[in-house]
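Engineer: sequence first, then the predicted structure:
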Amino acid sequence: MLEVNGITKSYGKLMAVSGVSFRADYGETIGLLGPNGAGKTTTVSIIAGLLSPDSGEVLIEGKQVKRDTDPVKLKIGLVPQEMALYDQLTARDNLTFFAALYSLAGAKVKRAIADALTLVGLSDRAGDKVGTFSGGMKRRLNLAAALLHDPQILLLDEPTVGVDPQSRNAIFENLETLKKRGKTLIYTTHYMEEAERLCDRIVIIDHGKLIANDTLQGLHKLLPVTNVIAVELDHADGFKPEPMLALPEVKSAELDQGTLRVGVHDLSRGAPGVLRWLAENGHSYNHVSSEQPNLETVFLTLTGRSLRDSR
Ligand SMILES: Nc1ncnc2c1ncn2[C@@H]1O[C@H](COP(=O)(O)OP(=O)(O)OP(=O)(O)O)[C@@H](O)[C@H]1O
Ligand SMILES: [Mg+2]
């Protein structure tokens, strides 16, 4: 559906995007992750055809988007990072304006506007001025504006920034609905938990370069320890975790306030041995759980820096 091949873009001496490639299929959601200034918006703008790359190309259904009037371009809907709405106009009038930009006309427009408002849950506020909307409602209207021409690919550039948890959830539900309809979503964010919830594949960029492109599971495999088994021991006094390091699959073992934490690479291969060892050595316990490190840890492992505040 969408193919990004080695795109590069510099601003003067600054290499904003450098040789980034990835693909996205029908019904697939790709998370585009990276810290501030990583090159996410530049990448999205190139895919949307708003910026031309210095080198590389973007193919949509195998075709390159060349000019502004190219019909292939209509396959794309962009939800920009900076919202573009008119406070003095009603929600419906804002959407009418965007529909005109996409050259939609006649009865089609009314239907498209009604459908988009229903999807984002703003039908009952259609006649209200956008100036009276909350930040979350504006974000949802921003999403509706990108959906009017029913694009196959939706580019979302940090669509939940400054949005309260309730509206964020509403946006997620809208996106899950679109995904079920087979849309291709490119979701830009620096919130790990969002990417973990929504995305089938994760592309991580840092300083303009692609540093990972994999499924969530695949990314977890990059970590030295992919699961932690936490065991609350009945009698932790004097317990020595070190001998456990000799067990297969066990990468780390430490005692933390009565809880034994054992890092294993593969949970299904590592856990039985760990529990058997505890039983054979007479250690009883009252609670066992497993924890997976999150994408934040993946990013930290790949770059040595934290995602939220690194540059
Ligand atoms: N028009 C421009 N002129 C000069 N430099 C720019 C321009 N647009 C972006 N840059 C620079 O390119 C780099 C990548 O910017 P970009 O906006 O793509 O990052 P981003 O990943 O979207 O960041 P954020 O998370 O803050 O939105 C940054 O160093 C930025 O300062
Ligand atoms: Mg950006």
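Structural biologist: Happy to help now that I have it. Ligands and ions are numbered 1, 2, ... in the order given.
Engineer: where do the strands sit along the stretch 51-200 of the chain?
Structural biologist: Secondary structure of the stretch 51-200 of the chain (DSSP state E, counting those that start in this stretch): strands at 55-60, 63-64, 76-79, 153-157, 184-189.
Engineer: tabulate those strands in CSV, adding columns for distance to ligand 1.
Structural biologist: Heads up, the C-betas are built off the backbone N, CA and C, glycines and all. Below are those laid out as CSV (distance: least, CB to the nearest ligand atom, whole Å):
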stretch, distance to ligand 1
strand 55-60, 15
strand 63-64, 22
strand 76-79, 13
strand 153-157, 7
strand 184-189, 7
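Engineer: and the ones you listed, which one is worst for confidence?
Structural biologist: Ranked by mean pLDDT, the strands of the stretch 51-200 of the chain bottom out at strand 63-64, which scores a mean of 87.
Engineer: quick one: strands adjacent to that strand?
Structural biologist: Paired strands of strand 63-64, with direction, are strand 55-60 (antiparallel) (DSSP bridges).
Engineer: I113: what's it in contact with?
Structural biologist: R92, L95, T96, A99, A126, L148 (CB atoms under 8 Å, 6 or more residues apart in numbering).
Engineer: keep these, but drop any that are not near ligand 2.
Structural biologist: When CB under 5 Å from the ion is applied, no member of the contacts of I113 is adjacent to ligand 2.
Engineer: highest neighbour count among these?
Structural biologist: L95 (26 neighbours; other CB atoms under 10 Å).
Engineer: report the contact partners of it.
Structural biologist: Residues near L95 by CB under 8 Å, 6+ apart: I113, A116, L117, L141, A144, A145, L148.
Engineer: how much space separates the first one from ligand 2?
Structural biologist: Remark: distance between I113 and ligand 2 (CB to the ion, to the nearest Å) = 28 Å.
Engineer: state the distance from the closest residue in space to G135 that isn't next to it in sequence to ligand 1.
Structural biologist: Closest residue to G135 apart from its sequence neighbours, by CB to CB, 6 or more residues apart in numbering: G162 at 5.0 Å. Applying CB to the nearest ligand atom, to the nearest Å, the value for G162 to ligand 1 is 13 Å.
Engineer: distance of G162 relative to Q64?
Structural biologist: Per CB to CB, to the nearest Å, G162 is found 35 Å from Q64.
Engineer: also H207?
Structural biologist: Using CB to CB, one gets 27 Å for the distance from H207 to Q64.
Engineer: who has more neighbours out of these two?
Structural biologist: Taking neighbours as other CB under 10 Å, H207 and Q64 compare with H207 leading, 18 against 12.
Engineer: can you name the residues that contact the more buried one?
Structural biologist: H207 makes contact with M15, S18, A38, G39 under the criterion CB under 8 Å, 6+ apart.
Engineer: make CSV from the residues you listed and add distance to V262, pLDDT and secondary structure to it.
Structural biologist: Below are the contacts of H207 laid out as CSV (distance: CB to CB, whole Å; pLDDT from 0 to 100; DSSP: H, G, I helix; E, B strand; the rest coil):
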residue, distance to V262, pLDDT, secondary structure
M15, 43, 95, strand
S18, 40, 96, strand
A38, 34, 91, coil
G39, 38, 95, coil
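Engineer: that concludes my questions; thank you for your assistance.
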